[in-house]
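1. give me the fold of what follows.
(one chain, ligands or ions: 1)
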Amino acid sequence: MLETRFTKLIGCKIPIQQAGMAALANPELAAAVSKAGALGMVSVAGFPPETVTLELEQVKKLTSNPFGANFLIPGEAHEDLDELHEPVKAASKQARLVEFFYREPDASLIEIVHGEGALAAWQVGSKEEAQAAVDSGCDLVIAQGIEAGGHIRGKIGLIALLDRVLSSIDVPVIAAGGISSGRAMAAALAAGASAVRVGTRFAASEEAGAHPIYAKAMINSEAQDTVFTEEFSTGWPNAPHRVIRASLEAAKAFQGDEVGQRYMKAEDKWVPVRRLQPIAVTKQVKGSIEAMPHWAGEGVGSIKSILPAAEIVDQLAGEAEKLLKRWT
Ligand SMILES: Cc1cc2nc3c(=O)[nH]c(=O)nc-3n(C[C@H](O)[C@H](O)[C@H](O)COP(=O)(O)O)c2cc1C
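-> I've put the predicted structure just below:
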């Protein structure tokens, strides 16, 4: 069913990749997605190598299916990419796919991934960046449209971007941005993508552990309630992203510098959340949740309830397959 270059390369059944989503992309979510036949991803950025290993071992305890590891590399942190070498090596020993996002593609990181026998991918926002990812040695490229939730590299809509990227590179392309329904998944696959990358829909899964206030905001929002902005910039400026507009308005209206606190697993302590700080709003966050970033892509209107991740995979794949069969 729905066999593509992605499913063959990864060794999974369903051409869906769950996005890396900081603390929301935890081992439990990744395992549930992989167990359901798609590709689950664990976000491991910022962890020392030992913690990377522990996080990924947790997935292995829950499923023997392939899964991946995501490194978010903001422009401001990690000025020196050398400090990522050991964590990336640790991830590449365990994961089938190791991928990177926000920085421009870097061949030294891809070499480390390949050295340990894993596949490498980079999420990009333009044809030129897609080419740079291939030149750096990536086995897969993720093309991210401006509809996406979270931080955004894309400057144009996903279908227009796929048109540009698919005609310029030969490696399998994963489509990202606004895909929260089987209909959107079918559209991306019909356009030539080998898989879809789904973020927001999985942020609203049981396993992701989104804070109930953030989860409710996703359920109650439509595409037009999201906004493309650079304002959640405390500690990471000049990085466009998409959030639910009401959370941005609440953050701007918030009086004071500290909106709450969040639990840092790696350090086992609570730390302050600053106003307009880009963080993942999980249940391990407390304070004025309304004024923290409610990340969401334009597909948010399709989310009607919080579901187990396996049900989300089944719904998306089932509906996409039905739609694609109509044509053949
Ligand atoms: C809550 C949230 C957190 C995100 N964090 C990350 C991240 O840590 N690393 C990453 O590569 N992408 C991250 N992204 C972007 C996704 O990789 C992906 O491009 C996006 O979710 C696709 O659009 P969609 O949300 O409309 O499905 C995040 C997206 C969301 C919604």
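
2. the closest residue to the ligand within the stretch 51-200 of the chain: neighbouring residues, count only.
-> With CB to the nearest ligand atom, the shortest gap between the stretch 51-200 of the chain and the ligand falls at residue 199, namely 1.9 Å. Heads up, the C-betas are built off the backbone N, CA and C, glycines and all. For residue 199, the tally of surrounding residues (other CB atoms under 10 Å) stands at 28.

3. okay, it: pLDDT?
-> Residue 199 is assigned a pLDDT of 98 by the prediction.

4. isn't it up against residue 17?
-> No: with contact defined as CB atoms under 8 Å, residue 199 does not count as touching residue 17 (9.7 Å).

5. for residue 110, give me its contacts.
-> Taking CB atoms under 8 Å, 6 or more residues apart in numbering as the criterion, residue 110 is in contact with 120, 122, 136, 137, 138.

6. mind redoing it with 10 Å?
-> Listed by CB atoms under 10 Å, 6 or more residues apart in numbering, the contact set of residue 110 reads 88, 98, 100, 119-122, 133, 135-139.

7. out of the residues you listed, which are close to the ligand?
-> Among the contacts of residue 110, no residue is within reach of the ligand (CB under 6 Å from any ligand atom).

8. just the buried members of the residues you listed?
-> 88, 98, 100, 119, 120, 121, 122, 133, 136, 137, 138, 139 (16 or more other CB atoms under 10 Å).

9. coming back round to it: ignoring the adjacent residues along the chain, who's closest to the residue of the stretch 51-200 of the chain closest to the ligand?
-> residue 19 (3.5 Å; CB to CB, 6 or more residues apart in numbering).

10. give me the neighbour count for that neighbour.
-> Should you count by other CB under 10 Å, residue 19 turns out to have 28 residues around it.

11. and residue 237, how close does it get to residue 258?
-> Spatial separation of residue 237 from residue 258 under the definition CB to CB, to the nearest Å is 19 Å.

12. what's the answer for residue 188, then?
-> Distance, residue 188 to residue 258, by CB to CB: 40 Å.

13. more neighbours, these two?
-> Legend: neighbour count by other CB under 10 Å for residue 188 and residue 258, higher for residue 188 (27 against 13).

14. okay, now the residue of the stretch 201-328 of the chain at minimum distance from the ligand: neighbour count?
-> Nearest residue of the stretch 201-328 of the chain to the ligand: residue 297, at 2.0 Å (CB to the nearest ligand atom). Around residue 297 there are 30 other residues, counting by other CB under 10 Å.

15. quick check: it touching residue 180?
-> Yes: using CB atoms under 10 Å, residue 297 is in contact with residue 180, at 7.1 Å.

16. common neighbours of those two, please.
-> Common contacts of residue 297 and residue 180 (CB under 10 Å, 6+ apart): 149, 198, 199, 200, 201, 203, 223.

17. which residues in the stretch 201-328 of the chain form helices?
-> 212-220, 245-253, 309-325 (DSSP state H, counting those that start in this stretch).

18. can you list the residues of the protein near the ligand?
-> Applying the criterion CB under 6 Å from any ligand atom, the portion of the chain that neighbours the ligand consists of 19-22, 24, 43, 70, 72, 101, 123, 144, 147-151, 176-179, 197-200, 203, 280, 295, 297, 299.

19. for the residue of the stretch 201-328 of the chain closest to the ligand, which non-adjacent residue is closest in space?
-> Once flanking residues are discounted, residue 297 sits nearest to residue 149: 3.4 Å by CB to CB, 6+ apart.

20. next one: residue 314
-> The shortest distance from residue 314 to any non-neighbouring residue, by CB to CB, 6+ apart, is to residue 36 (6.8 Å).

21. contact partners for the one you found?
-> Residue 36 neighbours (CB under 10 Å, 6+ apart): 12-14, 16, 18, 63, 65, 308-314, 317.

22. what pLDDT does it get?
-> Residue 36 is assigned a predicted lDDT (pLDDT) of 98.

23. how close does residue 69 get to residue 149?
-> Shown here: residue 69 relative to residue 149, a distance of 20 Å by CB to CB.

24. wait, I meant residue 236
-> According to CB to CB, residue 236 and residue 149 sit 16 Å apart.

25. neighbour count: these two, which is higher?
-> Neighbours around residue 236 and residue 149, counted as other CB under 10 Å, are more numerous at residue 149. The numbers are 30 against 18.

26. check the more buried one and give its pLDDT.
-> Predicted confidence (pLDDT) for residue 149: 98.

27. so residue 117 lies in a strand, does it not?
-> No: the assignment for residue 117 by DSSP: H, G, I helix; E, B strand; the rest coil gives coil, which leaves it out of any strand.

28. now do the contacts for the residue nearest the centre of the chain.
-> With distances taken as CA atoms, centre = their mean, the chain has residue 19 as the residue nearest its mean C-alpha position (2.5 Å). Residues counted as contacts of residue 19 (CB under 10 Å, 6+ apart) are 25, 41, 43, 70, 99, 101, 123, 142, 144, 148-150, 174, 176, 179, 197-203, 297.
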